[in-house]
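structure, please.
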Amino acid sequence: MTTAWPSEAATLLAEQRRLAGLAPPAWQPPVGPPERDLTVAAAFVAFMRGEQGPGHPGDRAWVGAVLLEGAHPLRRRAVLGVAGAPYTAGLLALREGRMLADALAPLVGSTDVVLVDATGRDHPRRAGLALHLGAVLDVPTVGVTHRPLYASGAQPTDLPGDSSPLMLDGEEVARWVRTVPGVRPVVAHAAWRTDASTAMQVVLRCRGSHRTPEPLRQARRVAREARAAAEAEYPVSGRRSP
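Residues are numbered from 1 along each chain as shown. Below you'll find the model as predicted:
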C-alpha cells in the first residue's frame, strides 16, 4: 500500500499507474438476513471563498468528515486543511489528497466504506482520488460526483433507483444513479476495492431525500458551516490566516 501523498506531478503519475495495476480483494456491502445498516464515512472539501477555481498551493479549506450508521450520525468533525497544488484535471490528489486523508483517518477504523467527492476508475490512468484515498487509508471507497470525468453513457430513466453504465475505453468505470426523480442523477464511481455495481449499491443504500447521498451531504454541510464560521470571525484577513 502507498503510505505517503506525492507532492509532484511526475511522482503522482507513477503512483496512479501503480495503483491502477493492483488487484486488491473486492469488497461487497454486508447483507442479511436481516440486511444491516451500512456504516459510511464521508468527507468533503470546502475551500475558503476567493481560493477556489484552479487555485494555488497553500489555499486553505475546511474538510468536513462524518460517520453514519444508516441514517444515524455517529461522529462529525471539521479540519482545516491546506491545498498541496492548484487544481489540474486528473491530478486532484495533489491538491486535496492529504487533507482528506487527515480528516478521515480517525473514522475509517469504524466504517464499512468511504464516500468522497472524486472519481475512481473514471480517470485517464484509472486511479482517481477516490481510489487513491482508499489505498492510502486501506478502506473500500466509492466516488460520488455530479458528472463523469472522461466516461460517457446515456442517463437512466427518471425512476428512483434506476442506473445506467458509464464506459471508458470499453470498460464500465461508473454508473449514473437516479437518487430522486426530477433532478439530474449522480455518478457512482468504482474506486478502491469497489466496482461500478458495488458503487451503485452503496449510493442507493445511503441515499436520503436529496440528490446527494446523505453521508456526503452531511460532510458538505459540516465543511461549509466551518468555513462560514471562519469567514465570519476573520472577515478581512481570514482569507489567509485563520
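
please count neighbours and contacts with C-alpha atoms only from this point.
Noted.

most centrally placed residue in this protein?
residue 116 (1.3 Å; CA atoms, centre = their mean).

report the beta-bridge partners for that one.
residue 43, residue 143 (DSSP bridges).

show the pLDDT at it.
Model confidence at residue 116, given as pLDDT, is 98.

got any ranges where this protein has weak pLDDT?
Within the chain, the ranges that satisfy pLDDT under 70 run 1-4, 32-35, 51-53, 235-242.

for the top helix by length along the chain, name the packing helices and strands.
Secondary structure of the chain per DSSP state H: the longest helix is helix 214-233. When contacts are defined as 3 or more CA pairs under 8 Å, 6 or more residues apart in numbering; DSSP states H and E, helix 214-233 sits against strand 39-47, strand 60-69, strand 72-82, strand 113-116.

got the buried residues for that helix?
Residues of helix 214-233 classed as buried: 214-228, 230-231 (neighbour count, 16 or more other CA atoms under 10 Å).

burial of residue 174, as a residue count?
33 (other CA atoms under 10 Å).

now the longest helix of the chain against strand 39-47, angle please.
Taking axes from the mean of the first three to the mean of the last three CA atoms, to 10 degrees, one finds that helix 214-233 is oriented at 30 degrees with respect to strand 39-47.

run through who's touching helix 214-233.
40-48, 61-68, 71, 76-78, 115-117, 206-208, 238-239, 242 (CA atoms under 8 Å, 6 or more residues apart in numbering).

make it 6 Å
Contact with helix 214-233 is made by 42-44, 46, 62-66, 207-208, 238, as judged by CA atoms under 6 Å, 6 or more residues apart in numbering.

format those as a markdown table; extra columns: neighbour count and distance to residue 88.
Putting these into a markdown table (neighbours: other CA atoms under 10 Å; distance: CA to CA, whole Å) gives the following:
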| residue | neighbour count | distance to residue 88 |
| --- | --- | --- |
| 42 | 32 | 23 |
| 43 | 29 | 20 |
| 44 | 30 | 18 |
| 46 | 24 | 17 |
| 62 | 28 | 20 |
| 63 | 30 | 19 |
| 64 | 30 | 22 |
| 65 | 32 | 24 |
| 66 | 28 | 27 |
| 207 | 20 | 30 |
| 208 | 17 | 32 |
| 238 | 15 | 25 |
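
just the residues you listed now: which is nearest residue 86?
residue 46 (14.5 Å; CA to CA).

residues contacting the closest one?
So residue 46 contacts 61-62, 223 (CA under 6 Å, 6+ apart).

any idea how far it lies from residue 79?
11 Å (CA to CA, to the nearest Å).

rewinding a little: can you give me how far the longest helix of the chain is from the chain middle?
In this view, helix 214-233 has its centroid 16 Å away from the chain centroid, taken as CA atoms, centre = their mean, to the nearest Å.

with just CA atoms, put it into PDB.
Taking Å, rounded to 0.1, in the frame of the first residue of the first chain, the C-alpha atoms of helix 214-233 are listed here in PDB:
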ATOM      1  CA  GLU A 214     -26.800  11.500   2.900                       C
ATOM      2  CA  PRO A 215     -23.300  11.000   4.300                       C
ATOM      3  CA  LEU A 216     -21.700  13.100   1.700                       C
ATOM      4  CA  ARG A 217     -24.400  15.800   2.000                       C
ATOM      5  CA  GLN A 218     -23.700  16.000   5.800                       C
ATOM      6  CA  ALA A 219     -20.000  16.200   5.200                       C
ATOM      7  CA  ARG A 220     -20.500  19.000   2.800                       C
ATOM      8  CA  ARG A 221     -22.700  20.800   5.400                       C
ATOM      9  CA  VAL A 222     -20.000  20.400   8.100                       C
ATOM     10  CA  ALA A 223     -17.300  21.800   5.900                       C
ATOM     11  CA  ARG A 224     -19.400  24.800   4.800                       C
ATOM     12  CA  GLU A 225     -20.500  25.600   8.300                       C
ATOM     13  CA  ALA A 226     -16.900  25.600   9.500                       C
ATOM     14  CA  ARG A 227     -15.900  27.800   6.600                       C
ATOM     15  CA  ALA A 228     -18.700  30.200   7.300                       C
ATOM     16  CA  ALA A 229     -17.700  30.500  10.900                       C
ATOM     17  CA  ALA A 230     -14.100  31.100  10.000                       C
ATOM     18  CA  GLU A 231     -15.000  33.800   7.500                       C
ATOM     19  CA  ALA A 232     -17.300  35.500  10.000                       C
ATOM     20  CA  GLU A 233     -14.500  35.600  12.500                       C
END
